[in-house]
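[1] here is the input, now give the coordinates:
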Amino acid sequence: MLIQNKLIQSEKIKKKIAKRRQWGAESRTIPLPMIHERPSESKIVWSRIAILLTILFYIAYFISTIIREFFLVHSNFQFTMQAISYLIIVTFLTFSALMYLVARQGALQRFIKHIRVPRAKLDDHFYSKQPTITVLVPSYSEEPQVVRKTLMSAALQEYPNMRVVLLIDDNPNPTNPVVAARLNKTRELANDIMALFSEPRIRFKSALSQFKRQNVKNNFASSRDVKKLISNYIWASEWLNSLADNELIEDHVDVFFSEQVLRGLSKELKVVADALNSSCLEGAKLSVKRINQLYLRLNWIFNTELTVFERKKYASLSHEANKAMNLNSYIGLMGGAYKIRNTPEGIVLVPTVNAKKSKDLIVPDSDYLLTLDADSILLREYCLRLVYFLEQPDNARVAVTQTPYSSFRGAGTRIERLAGATTDIQHILHQGMSYYGSTFWVGANAVIRKVALEDIAETEYIGGFKISRYIQDRTVIEDTESSVDLALHGWTLVNYPERLSYSATPPDFGSLVIQRRRWANGGLLILPKLWAHIKDKKRKNEPVSQMAILLRVNYMASIAWSSVGLIFLLAYPYDGRLLSPLVLLAALPYFIAMGNDLKYCGYKWTDIFRIYGFNLILLPVNLAGVLKSLQQALNGRKIPFARTPKVKDRTGVQALYVIIPLLIVAFSIFTVWRNVAVPVPNWGNAIFASFNAFSASWAIIAYIGIWNSIVDVWIGMTSWLYVETKKDNGKKMEEKKADVDWRSILYYGDMKGSVHASSSVIIAASSIHSKKNGVNV
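    The predicted model follows:
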């Protein structure tokens, strides 16, 4: 009866979620397996053939078209310039396609060689050695229910000596009552989860202590001890199932959390209980050590410490508006004790050696850090397996390991489904990049060796306070730049070849624009660091992998040259003599490989055409990110970090990002007419333009929406008519000037030299950081 009720409830949940789905969204909610399917020999062979064919067809095009037109046929200056520019575009696009195939080949090699470490070996390692880890979850204006799932997935990791710290970056004193209520709810999450886990934590701690007392001198556990352990595993399994039953299910992410995190762990504990029961029936003797390890596993699951930290409460910490400095502020405090002191600027943290827990701030240090975005979810054993990997002697110089995140299945919108498909493809490519030693840190989740961050830290003093930057915040893709910094200091990065982490993908076009514009920004700025790394290795006579260099350059700069190249192909009427079937044949292995990868990830082979249209409407977005990089290179000013919104309603978008896709459609239709309505039609250009017009039109209708396009364009055209009314604060300012702020004078000294001197100090103090020494207040 209970099972029947659960099935009925599950069907009701599915129907409720299905009602909110768009037509063409994803119905599948079951994620891909944790372990990648072992590729067949034929798949690897065809992957190599695809690389070879791409190179051969490109060479054939270069010889048969370009060289023939240059040397065997008389050509004028205009045609020569067209040929050169077309060749450059085709070369760069073919190079990117080739890098896709190369990375894919590397991923297949890793999947075929990967052997999962047995659970007993993990338990044995952490039984004798328990390195500490701190999970850092940076959060800004996140919905509490989203953050809760992230914290729960981190807290349920089967790992000893773990702390989870929620780094809230919101304004600590909001005036909006709705924002204040949300912030207070977020602040209580750590205590709520600790209280939720208190019953199993106390139960299993007591059970472990009792077992140890009763088996001090024994080598083998009695059947009674094993049966007690079985009852505890069954209790834990049922407790997790009960927790899953009470979860509020509103979307596919909630389904994932309930089924894969809570019920997934519950099923695994039940399997262990069944295995122990079978051992009892067979009369097998289990060692006291092994039973102790299994009790420790229960304790590790529920014994995590959770806490909250808000850097913006302290005037002595950086207030720069980006995720990197939120992380840096806390990392800089780790391993220290601080007195909390009030000053005219606000609360400051003063390093001390005589801290009192009740009044002061004590921040424990740890061997490893796990950075985890507030909208990401980890599967069980993530920490256990990745830290074990870092603990191996061969990996002593590995600074970062991660499982590039996958997308949540069951997306409710068409654009979220397709964005998820590109995310899952990127997971494969990142795995392949590790094969060639060209891994990049993907910021959604990563286990980091703390000494490696200390090795690359940069320090400066502002307002008498010490600021340490462990993770660079010069660009909005801080993880990519930090990857190069680590390489410059002799560290390496590795992607762990399993699917153990998931992250949200934007559900609408507005939030996707913000995310993809940020991704397109910064790569060009980091390239000089990569060249410096290559020169340094050559100077030291260290081997330099040419393939790793090519993959890294493609990763950082391909968005720039692909965007520019696509604009030329769309806008410029190239001579028909430059077009050749060999160009299509050179690109064909890439599209076939991507279609197979989409099928492998549970999508449709035909999604390659949807992705093409998807990339067409994202062309202005990518180009805007590239132009922002060039702007920063010229003026030296940091680009503000734009957070991807996670809201229930649709995120609006600037009118420009809607108008340009419409112009692409209009111009493509015009190009078709221009190439057909001539005495000698250029059918190659006409077919290409027709395909672009159809693909972009479909993408606008499917992923932006006709009505949403009208609304966003209308708002963009009329928003300048509205001016926000500001209150007159003149009287208050005069009153403020009349008062003598004696606290500021005693703290800063005489500030009469400048009318705005006090405010400038406030700004400086808002971006400062304190650590173990150098602060006297």
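[2] so Thr423 makes contact with Thr505?
    Yes: between Thr423 and Thr505 there is a contact under CB atoms under 8 Å: 5.7 Å. To be clear about C-beta, it is placed using only N, CA and C from the backbone, and glycine gets the same treatment.
[3] do a quick rundown of the helices in the stretch 601-750 of the chain.
    Assigned by DSSP state H, counting those that start in this stretch, the stretch 601-750 of the chain shows helices spanning 607-617, 619-635, 656-676, 683-699, 706-718, 730-738, 742-748.
[4] who has more neighbours out of Thr423 and Thr505?
    For the pair Thr423 and Thr505, the greater number of neighbours falls to Thr505 (26 against 20), based on other CB atoms under 10 Å.
[5] who's in contact with stretch 660-668?
    Here stretch 660-668 makes contact (CB atoms under 8 Å, 6 or more residues apart in numbering) with 570-571, 616-617, 619-620, 689-690, 692-693, 696-697, 699-700, 704, 709.
[6] now the common contact residues for Thr423 and Thr505.
    Shared contacts of Thr423 and Thr505, defined by CB under 8 Å, 6+ apart, comprise Ser407.
[7] and Arg28, how far is that from Gly410?
    Applying CB to CB, to the nearest Å, the value for Arg28 to Gly410 is 6 Å.
[8] so for the residue nearest the centre of the chain, what's the pLDDT?
    With distances taken as CA atoms, centre = their mean, Ala444 lies nearest the centre of the chain, 2.6 Å away. With respect to pLDDT, Ala444 scores 89.
[9] for the one 10 residues further on, same thing?
    The model reports Glu454 with a pLDDT of 95.
[10] contacting residues around it?
    Tyr470 are the contacts of Glu454 under CB under 8 Å, 6+ apart.
[11] now it: which helix or strand?
    helix 450-456 (DSSP states H and E).
[12] swap in Met99?
    Remark: Met99 resides in helix 77-113, with elements defined by DSSP H and E.
[13] what does Ser468 give?
    strand 465-469.
[14] as PDB, could you dump the C-alpha coordinates of the helix or strand just after that strand?
    As assigned by DSSP H and E, the chain's next helix or strand after strand 465-469 is helix 478-488. The C-alpha trace of helix 478-488 is given here as PDB (Å, rounded to 0.1, in the frame of the first residue of the first chain):
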ATOM      1  CA  GLU A 478      38.400  34.100 -13.000                       C
ATOM      2  CA  ASP A 479      38.700  30.300 -13.100                       C
ATOM      3  CA  THR A 480      40.300  30.400 -16.600                       C
ATOM      4  CA  GLU A 481      42.900  33.000 -15.600                       C
ATOM      5  CA  SER A 482      43.700  31.100 -12.400                       C
ATOM      6  CA  SER A 483      44.300  28.000 -14.500                       C
ATOM      7  CA  VAL A 484      47.100  29.800 -16.300                       C
ATOM      8  CA  ASP A 485      48.500  31.200 -13.100                       C
ATOM      9  CA  LEU A 486      48.700  27.700 -11.600                       C
ATOM     10  CA  ALA A 487      50.500  26.500 -14.800                       C
ATOM     11  CA  LEU A 488      53.000  29.400 -14.500                       C
END
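[15] avg pLDDT for the next helix or strand after helix 478-488?
    As assigned by DSSP H and E, the chain's next helix or strand after helix 478-488 is strand 492-495. Averaging pLDDT along strand 492-495 yields 96.
[16] quick one: list the elements packing against strand 492-495.
    strand 398-402, helix 414-435, helix 478-488 (3 or more CB pairs under 8 Å, 6 or more residues apart in numbering; DSSP states H and E).
[17] list the contacts for Pro393?
    Applying CB under 8 Å, 6+ apart to Pro393 gives no contacts.
[18] can you get me the start-to-end distance on stretch 603-610?
    Counting by CA to CA, to the nearest Å, you get 11 Å between the two ends of stretch 603-610.
[19] ranges for the helices of the stretch 301-450 of the chain?
    323-333, 382-391, 414-435, 450-456.
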